[in-house]
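# Got a predicted model here, sequence first, then my questions.
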Amino acid sequence: MIPEDYVWLNPLIFERWKFMADKIERQPELLEIPLRNIERWIAMDRLGDVRPLIEWRGMIERAQETEEGFSGLLAFLRDDGEYPRYLKSCSPFPGVLSKEERRRFTCAWTH
């Protein structure tokens with residue numbers, strides 16, 4: 001049986017989040033991708049509890065509005081604490097990393 005926190009036992013999961021934070025830091029316009037995902041997923045009304053998505057939306061919008069908000073979001077993405085792990089389990093960031101970027105991490109932890 002796979003432990004419930006299996007994905008967090010793999011340090012490359014955390015490294016992928018840091019890599020994504022670095023990419024967003026260089027290309028802040030990428031924040032439009034998770035915002036579109038959030039709006040689409042909420043509109044689909046198939047997720048049940050949308051509170052994590054609403055929290056993500058607030059953080060991302062603050063990141064787009066102020067330097068402090070942007071720094072806060074980057075710090076959160078680079079944080080491996082319990083609450084960030086929880087919120088990251090409902091990540092609206094698909095599409096931020098390219099298929100090749102995701103593959104690098106996937107291949108690294110499956111070998």
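That came through fine.

# and the gap between Leu47 and Pro84?
Taking C-beta to C-beta, to the nearest Å as the measure, Leu47 falls 20 Å from Pro84. (C-beta placed from N, C-alpha, C; glycine too.)

# Which one of the two is surrounded by more residues?
The neighbour comparison of Leu47 against Pro84 (other C-beta atoms under 10 Å) goes to Pro84, with 16 against 12.

# What is the burial count for Arg46?
Count around Arg46 with other C-beta under 10 Å applied: 7.

# residues touching it, list them.
Contact analysis of Arg46 by C-beta atoms under 8 Å, 6 or more residues apart in numbering lists nothing.

# For it, pull up the helix or strand it's in.
In the assignment (DSSP states H and E), Arg46 maps to no helix and no strand.

# pLDDT score assigned to it?
Looking at Arg46, its pLDDT reads 74.

# Tell me how far it lies from Leu97.
Shown here: Arg46 relative to Leu97, a distance of 24 Å by C-beta to C-beta.

# now Ile24
Per C-beta to C-beta, Ile24 is found 10 Å from Leu97.

# which residues in this structure form helices?
6-9, 11-26, 32-44, 51-65, 67-77, 82-88, 99-110 (DSSP state H).

# Please consider this matter closed, and thank you.
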